[in-house]
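In: Test case, fold it:
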Amino acid sequence: MAFDDVPEFIGKLHGREATAALALEFLILTAARSGEVLGARWAEFDLEAKVWVIPAARMKAGCEHRVPLSSRALAIVEAAAKDRTGEFVFAGQKAGKPLSGMAMEMVLRRMKVDGVTVHGFRSTFRDWCGETTSFPREIAEAALAHVAGDATERAYRRGDALEKRRGLMDAWVSFCEPKESANVITIARRV
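Out: Predicted coordinates for the structure are as follows:
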């Protein structure tokens, strides 16, 4: 999806009550992979610090990934907590199981959004970063949990630039906020 279309799309997501719609919005706002979102467990969240810590075992690169949570991403997690039924933030219909791997894809189908994939929102985020912001490339790549730089650079870079990434993610969420006032009112009532 072109990044300019994301605010309108998220506005439409707000009209849906399904857990899968919340999960999809959370995925978009955190630039996370679908498996990371579907497998998100309550124990991974520090709501006071506004951080989601995805364990290395659940990450593609095999390294722990800290995700700074924007106010809207945090609100989604808090809304999901009201219906908490087990260890998964986005619980499926079967007890003790997360949403299915197709749940977010089905949201797109039901909304009749053609030519868009769930994973493609990561590319949308990256395009937005590169084309509209002045955030350094390495911060955008770190937000996507990509391994960036050569072996020497990675050996010397020990931090994860969490606070710089927090600024990036806050800017992304601000950009993604639906522009129509009617949608903003829906968001306030829903969360």
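
In: Packing partners of the longest helix along the chain?
Out: In the chain, ranked by residue count with DSSP state H as the criterion, the top helix is helix 162-176. Helix 162-176 is packed against helix 6-13, helix 19-30, strand 65-68, helix 71-81, helix 120-132, helix 137-143, with contacts defined by 3 or more CB pairs under 8 Å, 6 or more residues apart in numbering; DSSP states H and E. Heads up, the C-betas are built off the backbone N, CA and C, glycines and all.

In: List the contacts of the third one.
Out: Counting contacts by CB atoms under 8 Å, 6 or more residues apart in numbering, the residues outside strand 65-68 that touch it are 30, 32, 36, 50-54, 59, 145, 160, 162-163, 165-166, 169-170.

In: Narrow those residues to just the buried residues.
Out: For the contacts of strand 65-68, a burial check counting by 16 or more other CB atoms under 10 Å picks out 30, 32, 36, 50-52, 54, 145, 160, 165-166, 169-170.

In: could you redo those residues as TSV and give each row pLDDT and distance to residue 14?
Out: TSV is the format used below for the buried ones among the contacts of strand 65-68 (pLDDT from 0 to 100; distance: CB to CB, whole Å):
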residue	pLDDT	distance to residue 14
30	98	17
32	97	19
36	97	22
50	97	21
51	98	25
52	98	21
54	96	25
145	90	27
160	75	31
165	94	25
166	97	24
169	97	19
170	97	19
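
In: Using CSV, lay out the residues you listed together with distance to residue 99.
Out: CSV is the format used below for the buried ones among the contacts of strand 65-68 (distance: CB to CB, whole Å):
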residue, distance to residue 99
30, 15
32, 14
36, 13
50, 23
51, 22
52, 16
54, 16
145, 21
160, 27
165, 26
166, 26
169, 22
170, 26
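
In: could you check the angle helix 19-30 makes with the longest helix of the chain?
Out: 120 degrees (axes from the mean of the first three to the mean of the last three CA atoms, to 10 degrees).

In: from the middle of its chain, how far away would helix 162-176 be?
Out: How far helix 162-176 lies from its chain's middle: 11 Å, per CA atoms, centre = their mean, to the nearest Å.
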